[in-house]
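Undergrad: Quick one: sequence and predicted model below, then my questions.
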Amino acid sequence: MTKRTYENETVRVLWDSERCVHYAHCLRHGQGVFDRARRPWVDLSLADTETIVSTVEGCPSGALQYERLDGEVGEIPDAAVSIVPLWDGPLAIRGEFEVRDRSGEVVVTGPRATLCRCGASKRLPLCDMSHVEVGFTDASPTDPGNDR
Ligand code: SF4
Ligand code: FES
């Protein structure tokens, strides 16, 4: 498990590798800020603050989070909780929620997380990418429009 923080004068980006479900929203929308082929993989100098925070807010798993350092308001979770099945993968949940394990312990809270849909995760109820190993496929005949 890797946790890293990256910051400039306006924003601190936090990354938790264990939560990443590799849907690549950050790679496609971050104007080069996020690049897996580069070390470090996050370079905040490549985009303005609004681009960075909107990209982070699009991370379905919550692997990416941010804190504003410029006094601006940070991410406000959606008031309504929504759940969207990602193509051949987990359920993306957004909003002001708490996810608990079998013992009732809170394992993750909003604004974003991805929940296992295949049943094979070793970190239930969160997705841990085991759906790839078990070959989980989505029975939906059409792409529901996930941003993958
Ligand atoms: S958007 Fe989030 S879940 Fe998707 S690849 Fe980036 S860090 Fe991982
Ligand atoms: S959906 Fe990802 S581990 Fe089950």
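TA: It's in. Ligands and ions are numbered 1, 2, ... in the order given.
Undergrad: Report how far apart the opening and closing residues of stretch 7-19 are.
TA: For stretch 7-19, the first-to-last residue distance is 20 Å (CA to CA, to the nearest Å).
Undergrad: Off-centre distance for it?
TA: Here stretch 7-19 is found 12 Å from its chain centre; the criterion is CA atoms, centre = their mean, to the nearest Å.
Undergrad: For that stretch, give the mean pLDDT please.
TA: What stretch 7-19 shows for mean pLDDT is 97.
Undergrad: And it, what's buried?
TA: Judged by neighbour count using 16 or more other CB atoms under 10 Å, the buried positions of stretch 7-19 are 10, 11, 13, 14, 15, 19. Every C-beta, even on glycine, is put in place using the N, C-alpha and C of the backbone.
Undergrad: again, but for stretch 40-49
TA: Those would be 42, 44, 47, 49, for stretch 40-49 by 16+ other CB under 10 Å.
Undergrad: Doesn't residue 31 lie inside a helix?
TA: No: assignment of residue 31 by DSSP: H, G, I helix; E, B strand; the rest coil gives coil, placing it outside any helix.
Undergrad: Write out the residues of this protein neighbouring ligand 1.
TA: The chain has residues 20, 21, 22, 23, 24, 25, 26, 59, 60, 61, 63, 64 near ligand 1, with proximity defined as CB under 6 Å from any ligand atom.
Undergrad: Quick check: bridge partners of residue 7?
TA: In this entry, residue 7 is beta-bridged to residue 12, by DSSP bridges.
Undergrad: Residue 66 too?
TA: residue 13.
Undergrad: What is the most widely separated pair among the buried residues of stretch 7-19?
TA: Maximum pairwise distance among the buried residues of stretch 7-19 (CB to CB): 23.8 Å, between 10 and 19.
Undergrad: correct me, but residue 81 touches residue 98?
TA: No: contact criterion CB atoms under 8 Å: residue 81 and residue 98 do not qualify, at 10.1 Å.
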